[in-house]
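Engineer: here is my input, please return the structure:
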Amino acid sequence: MDHAPGPHSPHSPLVGAPSEVARTPAPPIDWTALPPALKRELRASHVGEAVAVRLYDGVADATGDAAARLFARKHREVELTHLSRLRALVPEGEESRLVGLLSAGGWLMGWLPAKLGPHRFYTVLASVEQWVDTHYARQIDIARRHGAPDGLVRLLQACRNDEAHHAEDGWALAGRPDALARALAWVAVSSSRLGVALARRV
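Structural biologist: Predicted coordinates for the structure are as follows:
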């Protein structure tokens, strides 16, 4: 007889899948030699990972629900690893000037849905991570077209795979989203799309 994974199972969405990025080091790259298009993409991903960390901080600040807090803590650990890899690639002084402002928005993106109920947070998280999956897919295509080092392509693919797992984890717990959850998810995805566009340029 099959059983759903328990909250401490390695396959439970509450603990997340093992991070591929944790096993994928940041490659040594010459930032000055990268084409401008690729620099813009790496700046955007650096901001995105900073936002993701703060999103989970917002969840922890908003709810006392034990499962949601466990989900946030475990998935935040993965996003911190992503952020450390991107920090190793984007030199100090080359980051987007909007990283602080957009990170504050990430905190709100986690806090508000979690305050309104864990299932709404899971819907928002799953929707955003589903969009991030497509964002990384686009970046991988750009990296390949510009002849990026294989190590960089592998890192971006590992990030994409982790984010896809996070989307699956969120959907596994979201249930059937109500109208408010869908509206919050639409706002979060639209804000993420705008934030990435701004981070590429500012």
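Engineer: ok, the most centrally placed residue in the chain - contacts?
Structural biologist: Averaging the C-alpha coordinates of the chain gives a centre point, and the residue nearest to it by Cα atoms, centre = their mean is A52 (4.8 Å). Contacts of A52 were listed using Cβ atoms under 8 Å, 6 or more residues apart in numbering, and they are 76, 79, 82-83, 106. Where C-beta positions appear, they are placed from N, C-alpha and C, glycine not excepted.
Engineer: which single one of those is nearest to P35?
Structural biologist: Compare each of the contacts of A52 with P35 using Cβ to Cβ and the shortest gap goes to H82, at 22.5 Å.
Engineer: list the contacts of the closest one.
Structural biologist: Contacts here follow Cβ under 8 Å, 6+ apart; on that basis H82 touches 21, 49, 52, 159, 162.
Engineer: per-residue pLDDT, the last one?
Structural biologist: Yep, that's D162 we're talking about. pLDDT, the model's per-residue confidence, is 94 for D162.
Engineer: swap in the second one?
Structural biologist: The confidence metric pLDDT takes the value 95 at E49.
Engineer: distance from the helix or strand A72 falls within to the middle of the chain?
Structural biologist: Element membership of A72, judged by DSSP states H and E, is helix 66-89. The chain centroid and the centroid of helix 66-89 are separated by 8 Å, computed with Cα atoms, centre = their mean, to the nearest Å.
Engineer: what about the residue lying closest to E163 once chain neighbours are set aside, which SS state?
Structural biologist: Leaving aside its chain neighbours, E163 sits nearest to V132 (4.5 Å; criterion: Cβ to Cβ, 6 or more residues apart in numbering). With DSSP: H, G, I helix; E, B strand; the rest coil as the basis, V132 sits in helix.
Engineer: those helices in the chain, which residues are they?
Structural biologist: 36-62, 66-89, 99-115, 118-145, 150-174, 179-201 (DSSP state H).
Engineer: for the third one, list the C-alpha coordinates in PDB.
Structural biologist: Right, the one you point to is helix 99-115. The C-alpha coordinates for helix 99-115 follow below in PDB (Å, rounded to 0.1, in the frame of the first residue of the first chain):
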ATOM      1  CA  VAL A  99      19.000  44.700  -5.200                       C
ATOM      2  CA  GLY A 100      18.000  46.200  -1.800                       C
ATOM      3  CA  LEU A 101      14.700  47.600  -3.000                       C
ATOM      4  CA  LEU A 102      13.700  44.500  -4.900                       C
ATOM      5  CA  SER A 103      14.800  42.300  -1.900                       C
ATOM      6  CA  ALA A 104      12.300  44.300   0.200                       C
ATOM      7  CA  GLY A 105       9.700  43.500  -2.300                       C
ATOM      8  CA  GLY A 106      10.600  39.800  -2.000                       C
ATOM      9  CA  TRP A 107      10.000  39.900   1.700                       C
ATOM     10  CA  LEU A 108       6.500  41.400   1.100                       C
ATOM     11  CA  MET A 109       5.900  38.700  -1.600                       C
ATOM     12  CA  GLY A 110       6.400  36.100   1.100                       C
ATOM     13  CA  TRP A 111       4.900  37.900   4.100                       C
ATOM     14  CA  LEU A 112       1.500  38.900   2.600                       C
ATOM     15  CA  PRO A 113       0.400  35.500   1.200                       C
ATOM     16  CA  ALA A 114       1.600  33.600   4.300                       C
ATOM     17  CA  LYS A 115      -0.300  36.100   6.500                       C
END
